[in-house]
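[1] sequence-free structure coming up:
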């Protein structure tokens, strides 16, 4: 069925999109920018390798729709409602669950916010080599 975004996404296409989106590198790029055409061009190119023909605009639209749907299901759950659900909630929760709803917290990448045992373990490893 053709609509504004072209043909509907199949389950496999959405899975492939989520797999690419779960790449830490892609996530960091998406977190840091609003002008993200180049990132979605990369995503579209990677989908091509799976034999999926989508342009960057379709990828961005699907990404935005999934993210929006995830957030509405998540906030319904947070308010105690279990009536809302979506197909790829667990996969998206793995990607988006670490973010606060308002904005992605930058402290995730800040050394000082980490538990002390992480930094100690890291420095021990560094001194072994």
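    Yep, it's here. Just so it is clear, the structure is predicted and the values come from calculations on it, not from any experiment.
[2] all contacts plus neighbour counts: C-alpha atoms, from now on.
    Noted.
[3] scan this structure for its longest helix.
    If you go by DSSP state H, the chain has its longest helix at helix 56-78.
[4] tell me which helix or strand comes right after that helix.
    Counting by DSSP states H and E, the next helix or strand C-terminal to helix 56-78 is helix 89-96.
[5] any idea how far that following helix is from the chain center?
    What separates the centre of helix 89-96 from the centre of its chain is 7 Å, taken as CA atoms, centre = their mean, to the nearest Å.
[6] between it and helix 56-78, how many degrees?
    Here the directions of helix 89-96 and helix 56-78 differ by 100 degrees (axes from the mean of the first three to the mean of the last three CA atoms, to 10 degrees).
[7] may I see the buried residues of helix 89-96?
    89, 92, 95, 96 (16 or more other CA atoms under 10 Å).
[8] okay but the first one is in contact with residue 70, surely?
    Same thing as residue 89. Yes - counting by CA atoms under 8 Å, residue 70 is a contact partner of residue 89 at 6.3 Å.
[9] show me what the host helix or strand of residue 44 is packed against.
    Residue 44 is located in helix 37-49, with elements delineated by DSSP H and E. Judged by 3 or more CA pairs under 8 Å, 6 or more residues apart in numbering; DSSP states H and E, helix 37-49 is in contact with helix 11-21, helix 24-31, helix 56-78.
[10] one more time with 7 Å
    Applying 3 or more CA pairs under 7 Å, 6 or more residues apart in numbering; DSSP states H and E, one finds that helix 37-49 contacts helix 56-78.
[11] which outside residues touch the helix it packs on?
    Applying CA atoms under 7 Å, 6 or more residues apart in numbering, the contact partners of helix 56-78 are 5, 37, 40, 41, 44, 84, 85, 89, 92.
[12] could you export these as TSV, including pLDDT and distance to residue 11?
    Shown next, in TSV, are the contacts of helix 56-78 (pLDDT from 0 to 100; distance: CA to CA, whole Å):
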residue	pLDDT	distance to residue 11
5	50	16
37	95	24
40	97	19
41	97	21
44	98	16
84	84	19
85	87	16
89	94	13
92	95	14
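[13] which one of those residues is nearest to residue 19?
    Comparing the contacts of helix 56-78 against residue 19 with CA to CA places residue 92 closest, at 9.8 Å.
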